[in-house]
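Visitor: give me a model of this one.
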Amino acid sequence: MNEISWVIGASSAAWLGIGAYLFSLARRAAALERRLQALELSPLHPKEGQSTPPMDRP
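Guide: So this is what the prediction gives:
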């Protein structure tokens, strides 16, 4: 292989790696967003302006 082939191959590999990393970051961000929304909808999470619900003690 000549030099330009190596440069093109290395550049392609680097861009594929960067793309895969960005894709994984986007999936993690989406998963965190879903978890955050689930926590906000949770009955244990007080709405704005409300106090926390009383805890039952045995």
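
Visitor: contacts, neighbours, all on C-alpha from now
Guide: Noted.

Visitor: quick check: which ranges of the protein have low pLDDT?
Guide: Low-confidence segments of the chain, defined by pLDDT under 70, span residues 1, 44-58.

Visitor: same thing but at 80, please
Guide: Where the chain drops to pLDDT under 80, the residues are 1, 42-58.

Visitor: list the buried residues in the host helix or strand of Ala13.
Guide: Under the criterion of DSSP states H and E, Ala13 resides in helix 3-41. Across helix 3-41, burial judged by 16 or more other C-alpha atoms under 10 Å covers no residue at all.

Visitor: CA atoms only: put stretch 30-45 into PDB for me.
Guide: The C-alpha trace of stretch 30-45 is given here as PDB (Å, rounded to 0.1, in the frame of the first residue of the first chain):
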ATOM      1  CA  ALA A  30     -31.400   9.500  26.000                       C
ATOM      2  CA  ALA A  31     -31.300   6.800  28.700                       C
ATOM      3  CA  LEU A  32     -30.500   9.400  31.400                       C
ATOM      4  CA  GLU A  33     -33.300  11.600  30.100                       C
ATOM      5  CA  ARG A  34     -35.800   8.700  30.400                       C
ATOM      6  CA  ARG A  35     -34.600   8.000  33.900                       C
ATOM      7  CA  LEU A  36     -34.900  11.600  34.900                       C
ATOM      8  CA  GLN A  37     -38.500  11.800  33.600                       C
ATOM      9  CA  ALA A  38     -39.400   8.600  35.400                       C
ATOM     10  CA  LEU A  39     -38.000  10.100  38.600                       C
ATOM     11  CA  GLU A  40     -39.900  13.300  38.100                       C
ATOM     12  CA  LEU A  41     -43.200  11.400  37.600                       C
ATOM     13  CA  SER A  42     -42.400   9.200  40.700                       C
ATOM     14  CA  PRO A  43     -44.900   9.700  43.600                       C
ATOM     15  CA  LEU A  44     -41.800  10.200  45.900                       C
ATOM     16  CA  HIS A  45     -40.700  13.200  43.900                       C
END
